[in-house]
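>>> I would like the atomic coordinates for the input below:
(chains A and B)
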Number of protein chains: 2
Amino acid sequence: MSAKSVVALAGGVGGAKLVYGLAQALPAEQLTVIGNVADDFELYGLHISPDLDTVMYTLAGIANPETGWGLAGDSWQMLDMLVRYGEEGWFRLGDRDMATHLLRTHWLAQGVSLTEVTARLACALGVRQRLLPVTDDPLATLVDTVEYGTLAFQEYFVRRRWQPVARRVWFEGAETARTTPAVAQALAEADLIVICPSNPVLSIAPILAVQGVRETLQQRAGRCVAVSPFIGGQAIKGPAAKLMPELGLDISVSGLWNFYEGLIDGLVIDVADTFQIAGEHKAVLATYTLMKTDEDKVRLAKEILDWVETL
Amino acid sequence: MSAKSVVALAGGVGGAKLVYGLAQALPAEQLTVIGNVADDFELYGLHISPDLDTVMYTLAGIANPETGWGLAGDSWQMLDMLVRYGEEGWFRLGDRDMATHLLRTHWLAQGVSLTEVTARLACALGVRQRLLPVTDDPLATLVDTVEYGTLAFQEYFVRRRWQPVARRVWFEGAETARTTPAVAQALAEADLIVICPSNPVLSIAPILAVQGVRETLQQRAGRCVAVSPFIGGQAIKGPAAKLMPELGLDISVSGLWNFYEGLIDGLVIDVADTFQIAGEHKAVLATYTLMKTDEDKVRLAKEILDWVETL
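Next up is the predicted model:
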């Protein structure tokens, strides 16, 4: 019996790749994506949700295929003018992308929840899968750095290009941020939960930090598997392989098992890391996890969906 | 002795043409433009100041030469995406133009006055003349129409393309909107005040409606002249020749004299309307007022500056 209800926990670019594969491999009504919102931030008063947007644009088939984030065919006229006005322009606000930020900000200001805003935007773009922010409450990733002290996430990630040395990553609001009813229900009813190969600390941990997520995963009725974002001790993109050791976290196969302890029934790793599999690793799928082409993404998703039936 | 300090009262496109001419004819430090803000409005939470922007872009030399409003070389990617999201898109939000709206909105939300916001934006664009919103207080043009009842200005002007029949034009907030200190000082110290050929009812009347403007003009130490926006009973552009008769206002030379009664020392009209000059018209300059080219604008400005010396 194949999974009737699949929930993917996803951050940005890396997570969106597997989400794309899952979306091709599953009927739309069987897939729910729970997105990270702890990297949401305000810029010029705009509420920007980078991870939700990356997943939404991916599901809508309009993501920029080169960057993985932003919109295909976007331009930077507004940003160019902002720079002319003397602004720094470190965050790449695309012209088409601006419509998303503007409508989200406008609707949130009217009291519409982020869940409903996301549903409206995704629906208008023709997305048929469910995309749910993990919480409608404020939640913000902060990075304590050696060089600059505490940095807001986008300051660390985009402006400083994750070069500062991190000492601690924490989530402001995590004590009070609760899952939405839709997220709680999706997690509780899921036959399969897939933790995408997003950054475990920056993208998945803030999802797990929301009140109710970890508890629900620990008491899961269905299965939960995680996909390693590492290949041969390197991250495909982004700071995971730099950041996690800075925080004293082990990025080996054993390290990931420990990171997700009690939450997962299986771990998907790259064939390059097969040598790391040890006796205590109950269920590991070693396959090709690099997702360069759309075919890679679909193949990996299908392999995972088939493999979980054997767990 | 030529005027040392010239203040232009200007609305949007029509006013900006003469402002351009005055800016070429005068040293930058001698020209202050007082702009209409009663057509300011909120769209998606953005504070948009169409008239101030038109004058600012004109003075910065970056206005769209074809439309007269907006920025040269602008694009409409965001608007296109807004329409994809199901929005109407009746107001033409240009991509480059968005930077202006975004910064203005952001700074106003921080408590910066519209006067200071306008100064910052204009300075960054290299504008050396002073551009002053007539007030920092809320002021909104409303049009009572036969077909749709009371319409907000942009609903009437842009969305309905000024086709509804107007019964009354009024300015919400006029009882409490006061001139800024900078405007009061500029008007009091002006050697010459030029009422630009903007729409008298929609662009100039809201400036005059602000507490302190009419009183200061009535007690003016310098001279004040108005430039007729009509040529042969027609407006060059926009609704003046349609709207004013709907409101029972006479758009003849005599009608304009009456409209600006007590406020002006002279009236500039087009040669096409010379036949309308009557005995009671103390000081009329009849010249070519159509400003198609930049040369037209500069010539008209210089003619006015020369002529006022004879008053």
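>>> tell me which parts of the stretch 151-300 of chain A are close to chain B?
Proximity of the stretch 151-300 of chain A to chain B, by Cβ under 8 Å from any Cβ of the partner chain, involves no residues. In short, each C-beta sits where N, CA and C put it, glycine included.
>>> residue ranges for the helices of chain A, please.
Ranges of helices within chain A are A:13-25, A:50-60, A:77-84, A:95-109, A:114-124, A:153-154, A:181-189, A:205-209, A:213-218, A:240-246, A:253-259, A:294-308, based on DSSP state H.
>>> by contact count, what packs against the shortest one?
For helix A:153-154, the helices and strands in contact under the criterion 3 or more Cβ pairs under 8 Å, 6 or more residues apart in numbering or on different chains; DSSP states H and E are strand A:41-43, strand A:140-145.
>>> Quick one: closest of the ones you listed to chain B.
strand A:41-43 (8.8 Å; Cβ to the nearest Cβ).
>>> Given the closest one, what are its sheet partners and their directions?
For strand A:41-43, the paired strands and their directions (DSSP bridges) are strand A:46-48 (antiparallel).
>>> Is it possible to get TSV of the helices of chain A that adds mean neighbour count and mean pLDDT?
TSV is the format used below for the helices of chain A (neighbours: other Cβ atoms under 10 Å in any protein chain shown; pLDDT from 0 to 100):
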stretch	mean neighbour count	mean pLDDT
helix A:13-25	25	96
helix A:50-60	26	97
helix A:77-84	20	97
helix A:95-109	22	98
helix A:114-124	19	98
helix A:153-154	21	92
helix A:181-189	18	96
helix A:205-209	23	98
helix A:213-218	17	95
helix A:240-246	20	93
helix A:253-259	19	93
helix A:294-308	18	97
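>>> JSON lines for these, including distance to B:Ala186?
Putting those into JSON lines (distance: least, Cβ to Cβ, whole Å) gives the following:
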{"stretch": "helix A:13-25", "distance to B:Ala186": "53"}
{"stretch": "helix A:50-60", "distance to B:Ala186": "45"}
{"stretch": "helix A:77-84", "distance to B:Ala186": "27"}
{"stretch": "helix A:95-109", "distance to B:Ala186": "35"}
{"stretch": "helix A:114-124", "distance to B:Ala186": "44"}
{"stretch": "helix A:153-154", "distance to B:Ala186": "42"}
{"stretch": "helix A:181-189", "distance to B:Ala186": "57"}
{"stretch": "helix A:205-209", "distance to B:Ala186": "53"}
{"stretch": "helix A:213-218", "distance to B:Ala186": "60"}
{"stretch": "helix A:240-246", "distance to B:Ala186": "56"}
{"stretch": "helix A:253-259", "distance to B:Ala186": "66"}
{"stretch": "helix A:294-308", "distance to B:Ala186": "62"}
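>>> Out of the ones you listed, flag the one nearest B:Asp74.
helix A:77-84 (6.9 Å; Cβ to Cβ).
>>> Next, the angle helix A:95-109 makes with the closest one.
90 degrees (axes from the mean of the first three to the mean of the last three Cα atoms, to 10 degrees).
>>> next one: helix A:77-84 to chain centre, how far?
Taking Cα atoms, centre = their mean, to the nearest Å, one finds helix A:77-84 lying 29 Å from the centre of the chain it belongs to.
>>> same thing with stretch A:87-94?
With Cα atoms, centre = their mean as the basis, stretch A:87-94 stands 22 Å off its chain's centre.
>>> Show me what the closest residue to A:Val37 other than its chain neighbours is bridged to.
Nearest non-adjacent residue to A:Val37, counting by Cβ to Cβ, 6 or more residues apart in numbering or on different chains: A:Pro133, 4.7 Å away. Beta-bridge pairing of A:Pro133 under DSSP bridges involves A:Gly35.
>>> residues near A:Pro133, how many?
28 (other Cβ atoms under 10 Å in any protein chain shown).
>>> That one reaches A:Glu116, doesn't it?
No - A:Pro133 is not in contact with A:Glu116 according to Cβ atoms under 8 Å; the separation is 10.0 Å.
>>> Against chain B, how distant is the residue nearest to A:Val37?
18 Å (Cβ to the nearest Cβ, to the nearest Å).
>>> Same question for A:Trp107.
Between A:Trp107 and chain B the distance is 9 Å, computed by Cβ to the nearest Cβ.
>>> Tell me which of the helices and strands packed on helix A:153-154 is the most buried.
strand A:140-145 (a mean of 22; mean count of other Cβ atoms under 10 Å in any protein chain shown).
>>> Parallel or antiparallel, which strands does that one pair with?
Counting by DSSP bridges, strand A:140-145 is paired with strand A:149-152 (antiparallel), strand A:166-172 (antiparallel).
>>> residues making contact with the first one?
In this case it means strand A:149-152. When contacts are defined by Cβ atoms under 8 Å, 6 or more residues apart in numbering or on different chains, strand A:149-152 is touched by residues A:Phe41, A:Ala140, A:Leu142, A:Val143, A:Asp144, A:Thr145, A:Arg160, A:Pro164.
>>> Now that strand: buried residues?
A:Leu151, A:Ala152 (16 or more other Cβ atoms under 10 Å in any protein chain shown).
>>> With just CA atoms, put that strand into CSV.
These are the backbone C-alpha positions of strand A:149-152, laid out as CSV (Å, rounded to 0.1, in the frame of the first residue of the first chain):
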residue,chain,number,x,y,z
GLY,A,149,27.2,39.3,17.4
THR,A,150,23.6,38.3,16.9
LEU,A,151,22.5,38.6,13.3
ALA,A,152,19.0,38.4,11.9
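>>> and it, how far from the chain's centre?
Distance, centroid of strand A:149-152 to centroid of chain: 21 Å (Cα atoms, centre = their mean).
>>> next one: the longest one
Strand A:166-172 sits 17 Å away from the centroid of its parent chain (Cα atoms, centre = their mean).
>>> neighbouring contacts of it?
A:38, A:138-146, A:156, A:177, A:201-202, A:205-206, A:209, A:243, A:246-247.
>>> What average pLDDT does it get?
Across strand A:166-172, the average pLDDT comes to 97.
>>> Now do the contacts for the closest residue to chain B within the stretch 151-300 of chain A.
Residue nearest to chain B within the stretch 151-300 of chain A: A:Gln154 (16.2 Å; Cβ to the nearest Cβ). Applying Cβ under 8 Å, 6+ apart, we find A:Gln154 in contact with A:Asp39, A:Phe41, A:Leu43, A:Pro50, A:Phe91.
>>> Run a quick check on the last one versus A:Phe157, I expect a contact.
No - with contact defined as Cβ under 8 Å, A:Phe91 and A:Phe157 do not form a contacting pair (10.0 Å).
>>> Buried ones in stretch A:274-292, by neighbour count?
Neighbour counts over stretch A:274-292 (16+ other Cβ under 10 Å) mark A:Gln276, A:Val284, A:Leu285, A:Ala286, A:Thr287, A:Thr289, A:Met291 as buried.
>>> Surely the last one touches A:Leu18?
Okay, so that is A:Met291. Yes - A:Met291 lies in contact with A:Leu18 (Cβ under 8 Å); the separation is 6.9 Å.
>>> so what sits against both of those two?
With Cβ under 8 Å, 6+ apart, A:Met291 and A:Leu18 have common neighbours A:Lys297, A:Leu300.
>>> now stretch A:116-131, how far from the centre of its chain.
The answer for stretch A:116-131 is 17 Å, by Cα atoms, centre = their mean.
>>> can you give me the end-to-end distance of it?
In stretch A:116-131, first residue to last residue: 10 Å (Cα to Cα, to the nearest Å).
>>> Identify all contacting residues around that stretch.
Residues outside stretch A:116-131 that contact it (Cβ under 8 Å, 6+ apart) are A:23, A:28-29, A:31-33, A:35, A:49, A:52, A:55-57, A:59-62, A:100, A:103-104, A:107-108, A:112, A:132-133, A:182, A:186, B:84-86.
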